[in-house]
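Peer 1: Prediction below, plus the sequence it came from.
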Amino acid sequence: MGISLDETCERDLVERLWSLAAFDSMKQISFEEIDATLSDALPDGLRRGSAYLTHPVFNSHHSETEMLRYIRRLSDKDIALDRSMIPLGSCTMKLNATTEMVPITWPEFSQVHPFAPADQVEGYVQMIRELEQMLCACTGYAAVSLQPNAGSQGEYAGLLMIRAYHRGRGDTQRDVCLIPSSAHGTNPASAAMAGMRVVVVKCDDHGNVDVEDLKAKATAHADTLAALMVTYPSTHGVFEEAIGEICGIVHDHGGQVYMDGANLNAMVGLCQPGHFGSDVSHLNLHKTFCIPHGGGGPGVGPVGVATHLAPYLPGHRFGPTQETSIGPVSAAPWGSAGILPISWAYVTMMGAKGMRDATEVAILNANYLAARLKVHFPVLYTGANDTVAHECIIDLRPVKEATGVSVDDVAKRLVDFGFHAPTMSFPVPGTLMIEPTESEPKGELDRFVDAIAAIREEIYAIERGDIAHEDSPLAHAPHTAAALMGASWDRKYSREQAAFPNQAARIDKYWPPVGRIDNVYGDRNLMCSCPPISDYEDVAD
Ligand SMILES: *Cc1c(COP(=O)(O)O)cnc(C)c1O
């Protein structure tokens, strides 16, 4: 018999357990005796001789008041959704509603071991099953597995299922994966992990998959075609109008269609990937379904499949599985189960109509932004009627050519206006990709456009020759309070222009905690902004 206890368990409980299990003669053993034996039991080599957690942050905040202020100081440095829109394209930084978040703190969800016996988690499993059904209803797929912990892991699981399907039919040679050049970087990485060979398909001038090139490549690889990975709406922010035809071409050549569902925020309630020809998709619950992300926390990247792939869904020895399953792709049977209540609550509270409304507003918001932004910078890709899907890409390459102003300059200058940067140079180098989501009110969208417009004015000043690029606020952004309020100021623009570039910035000023850093240098040279390294020498010894 084995019993495992964690550090939250008190002496009292141990003693009670022990008196139940022990023979009479053992009941007398005291904790002190055990302590004594145990300390002898530790070999000298395993005893800690050095100090640990010596950084002041671990030893400075001893009361709730101090701790509260420390956390507040940290959050003041941050630009999070509680301060501004996070316009990161492809990331769907939407509201993480408090009502959705609170239940994951309940012990009934947070204190359950991933391998707890089935009869102790019936309620949990019911919620999981309901969420699976909701996701089937959203996507039109026959079955869903919640096991993958990220979109990329869902891609990997999906491709393993496609491979298993081909093998099951004796098509062991099918290992070519077609991927359009607009794809997210995780697509080719997952294909490589699943043992497939990547063949890139071109895009046309509007950002769509080049159907003729797809036909040519599918024909050339007809005998070995395993899959196409296609993102809909694409990472270029447009609805790929030929999607039905694209799926047809791949099927005609014996391949399966993997539709990357990370952009589902532009589809829920309007259309279903399972109904326009795709065989398998991942969704990102940490995008479309409201799980917070961006800080490195856990994600959920469920895979949805059509009926013929359902026998291959991921399985687990401590959860549901089937003979033909590809096996586990995560350590736990339901992956990041602890955060599933967020998505369950979201879908339950929104209902079918609410989900559809959200999608429509997400698309409307993106198109409103695109329409207003294109006055200042060209919008790179648009589809029918000059519209975009749920995000838009603005092209800064002409400006860079004319003035030297880079996407970095614009992204950093936005910080002076109190905005988080949009997605930079992805999927097209030299551009910014902006996704507002349905959560942003018109006032915030206008504040963003006003900031972009003011930045465009600063670029015009460079174009006119009023100021050189390297002397401009764009090249020096963001501006810290220390830089602005220092004794000397030798810039070619005023302190006022630096700190308060428009009226909105004056009303609710965000003070950047750090100035311009050299990103590339920083990435290559890790540096500790802590007590000096010399303080650590003893520890290192
Ligand atoms: C975010 C994203 C992914 C990857 O999802 P992760 O959860 O970050 O692994 C894949 N494809 C697209 C289009 C995405 O936007």
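Peer 2: It's in. Numbers count the residues shown, from 1 in each chain.
Peer 1: Contact partners for the residue in the chain that the ligand sits nearest to?
Peer 2: Proximity of the chain to the ligand (Cβ to the nearest ligand atom) peaks at G151, 2.4 Å away. Where you see a C-beta, it was placed from the backbone N, CA and C, and this is true even at glycine. Under the criterion of Cβ atoms under 8 Å, 6 or more residues apart in numbering, the contact partners of G151 comprise T186, D260, A262, H282, L283, N284, K287, G299, G301.
Peer 1: Using the three-state scheme, assign the third one.
Peer 2: State at A262, reduced to three classes by DSSP: H, G, I helix; E, B strand; the rest coil: coil.
Peer 1: Please verify my assumption that it contacts V230.
Peer 2: No: between A262 and V230 no contact is recorded; they are 11.8 Å apart, counting by Cβ atoms under 8 Å.
Peer 1: Could you list the low-pLDDT ranges of the stretch 101-250 of the chain?
Peer 2: Within the stretch 101-250 of the chain, no stretch has pLDDT under 70.
Peer 1: all strands for the stretch 101-250 of the chain, in order.
Peer 2: In the stretch 101-250 of the chain, strands defined by DSSP state E, counting those that start in this stretch lie at 143-145, 176-180, 197-201, 225-231, listed in chain order.
Peer 1: So what touches the shortest one?
Peer 2: Spelled out, it's strand 143-145. Here strand 143-145 has contacts from E132, L135, C136, A157, P302, V303, G304, V305, T307, A310, L313, P314, using Cβ under 8 Å, 6+ apart.
Peer 1: Using ChimeraX, make a named selection holding only the buried ones among these.
Peer 2: Those of the contacts of strand 143-145 that meet the burial criterion (16 or more other Cβ atoms under 10 Å) are gathered into one ChimeraX selection, given here:
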select :132,135,136,157,302,303,304,305,310,313,314
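Peer 1: near the ligand, which residues of the stretch 251-400 of the chain?
Peer 2: Applying Cβ under 6 Å from any ligand atom, one finds that the stretch 251-400 of the chain approaches the ligand through D260, A262, N263, N284, G299, G301.
Peer 1: same thing but 8 Å
Peer 2: On the criterion Cβ under 8 Å from any ligand atom, the ligand has as its neighbours in the stretch 251-400 of the chain the residues D260, A262, N263, H282, N284, H286, K287, H293, G299, G301.
Peer 1: now those as a markdown table including pLDDT?
Peer 2: Putting these into a markdown table (pLDDT from 0 to 100) gives the following:
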| residue | pLDDT |
| --- | --- |
| D260 | 96 |
| A262 | 95 |
| N263 | 95 |
| H282 | 97 |
| N284 | 97 |
| H286 | 97 |
| K287 | 97 |
| H293 | 92 |
| G299 | 95 |
| G301 | 98 |
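Peer 1: got a markdown table for the residues you listed, with neighbour count too?
Peer 2: What follows is these, written out as a markdown table (neighbours: other Cβ atoms under 10 Å):
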| residue | neighbour count |
| --- | --- |
| D260 | 28 |
| A262 | 27 |
| N263 | 26 |
| H282 | 30 |
| N284 | 27 |
| H286 | 27 |
| K287 | 24 |
| H293 | 20 |
| G299 | 22 |
| G301 | 31 |
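Peer 1: where exactly do the helices run in the stretch 351-500 of the chain?
Peer 2: Taking DSSP state H, counting those that start in this stretch to define them, one finds helices in the stretch 351-500 of the chain at 397-403, 407-416, 442-464, 473-476, 481-485, 495-499.
Peer 1: and what of the stretch 101-250 of the chain?
Peer 2: With DSSP H, counting those that start in this stretch as the criterion, the stretch 101-250 of the chain has helices spanning 107-110, 122-139, 151-168, 186-193, 211-220, 243-252.
Peer 1: Who are the packing partners of the fifth one?
Peer 2: Other helices and strands packing on helix 211-220, by 3 or more Cβ pairs under 8 Å, 6 or more residues apart in numbering; DSSP states H and E, are strand 176-180, strand 197-201, strand 225-231, helix 243-252.
Peer 1: For the longest one, give me every contacting residue.
Peer 2: Which is helix 243-252. Counting by Cβ under 8 Å, 6+ apart, helix 243-252 makes contact with 178, 209, 211, 214-215, 218, 225, 227-228, 230, 232, 240, 256-257, 276-278, all of which sit outside it.
Peer 1: Swap in 7 Å and give it another go.
Peer 2: 209, 211, 214-215, 218, 228, 230, 232, 240, 257, 276-278 (Cβ atoms under 7 Å, 6 or more residues apart in numbering).
Peer 1: Show me which of those residues are buried.
Peer 2: Under a neighbour-count criterion of 16+ other Cβ under 10 Å, the subset of the contacts of helix 243-252 counted as buried comprises V209, V211, L214, K215, A218, L228, V230, Y232, E240, V257, G277, S278.
Peer 1: Helix, strand, or coil at the residue nearest to H316 when sequence neighbours are not counted?
Peer 2: In space, not counting the residues next to it along the chain, H316 is nearest to P333; the distance is 3.8 Å by Cβ to Cβ, 6 or more residues apart in numbering. Three states are possible here, and by three-state DSSP the one that applies to P333 is coil.
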